[in-house]
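Enquirer: sequence and predicted structure below; questions after.
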Amino acid sequence: MNLNIFQWHSVKTRVTIVTLAIFISGIWSLSFYASQLLRQDMQRLLGEQQFANVSLVAASLNDEMDARLGALEQIATDVSPSMQGKPADLQRYLEQRQVFYSLFNDGVFITQLDGTAIASLPLSAQRTGVNYLNRDFITAALKDGKAIISRPVMEGMQRAPTIVMATPIRNVQGKVIGALAGVINLESPNFLDKITKGDANWETYFLQKQNRPNRPKQRNYLIWKIGPKKHT
């Protein structure tokens, strides 16, 4: 009699244990599946948010770059061909356009056809008399007649990373007679601070203007890296 009771209790215990194990396994599996879904949703939402932020910053960057390159092209158009052989007149011309100069935190300069700078702001940059024909951005403006935004290059007395925008200066016949360049020092306060709202957790770098043969009038700028800075 006691043996039957023990066997009955033994079977009941086994069934209970198995049922409990199945229940716990089911709960664990459901929790694991739910956590995986939650993780995927969070990753998707964070990715979408980051993409939206990057797109917004990239659009602002395009606008700022367009404004500066457009101003550069307009000033180059307004340069009188008769000034090209008169460095003093060109220097005065630049000095009278402080608003334009303020767009480029490391100054502006004008070169003649051989690539030698003959007018420059600020004077402390000591660019006058320096030949820039070995720089891609001046070669593109003088030889190819194109407005260009350079890759980041080490320029200036401080050898700071800079971006140079250059555009050709033409005479009334449309022939290139010089170049006008604006310089942006990436290590000094610049328009990127406004775009990223001064957030030290963002880092932004440039690439050259992207060529769009099917949309020649549309300027698009690629970015090397733009987004939250990774802390190590």
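Expert: Arrived safely.

Enquirer: got any ranges where this protein has weak pLDDT?
Expert: For the chain, applying pLDDT under 70 flags the ranges 1-9, 11, 53-54, 57, 155-158, 194-232.

Enquirer: tell me what the lengthiest helix in it is packed against?
Expert: For the chain, the longest helix by residue count, based on DSSP state H, is helix 2-78. Packing partners of helix 2-78 (3 or more CB pairs under 8 Å, 6 or more residues apart in numbering; DSSP states H and E): strand 160-170, strand 176-185, helix 191-195, strand 202-204, strand 220-221, strand 226-228. C-beta here means a position set from N, CA and C on the backbone, and glycine is covered the same way.

Enquirer: may I see those arranged in TSV, with distance to residue 125 and mean neighbour count as well?
Expert: TSV is the format used below for these (distance: least, CB to CB, whole Å; neighbours: other CB atoms under 10 Å):
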stretch	distance to residue 125	mean neighbour count
strand 160-170	11	22
strand 176-185	8	24
helix 191-195	19	16
strand 202-204	24	18
strand 220-221	25	15
strand 226-228	28	16
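
Enquirer: wait, which of the ones you listed is closest to residue 43?
Expert: strand 226-228 (14.7 Å; CB to CB).

Enquirer: thinking again about what came up before, a markdown table for the helices and strands packed on helix 2-78, including distance to residue 58?
Expert: Converted to a markdown table, those look like this (distance: least, CB to CB, whole Å):
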| stretch | distance to residue 58 |
| --- | --- |
| strand 160-170 | 16 |
| strand 176-185 | 17 |
| helix 191-195 | 9 |
| strand 202-204 | 9 |
| strand 220-221 | 8 |
| strand 226-228 | 6 |
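
Enquirer: and of those, who's closest to residue 46?
Expert: When the helices and strands packed on helix 2-78 are compared by CB to CB, strand 226-228 sits nearest residue 46, at 10.4 Å.

Enquirer: quick one: contacts of stretch 108-121?
Expert: For stretch 108-121, the surrounding residues in contact (CB atoms under 8 Å, 6 or more residues apart in numbering) are 79, 84, 87, 90-91, 93-95, 100-101, 107, 125-135, 138-139, 142, 169, 176-183.

Enquirer: tell me which of the helices and strands packed on helix 2-78 lies nearest to residue 47.
Expert: strand 226-228 (11.3 Å).

Enquirer: roughly how far apart are residue 71 and residue 99?
Expert: From residue 71 across to residue 99, the span is 9 Å (CB to CB, to the nearest Å).

Enquirer: compare these two (neighbour count), which wins?
Expert: residue 71 (19 against 7; other CB atoms under 10 Å).

Enquirer: cool, thanks, signing off.
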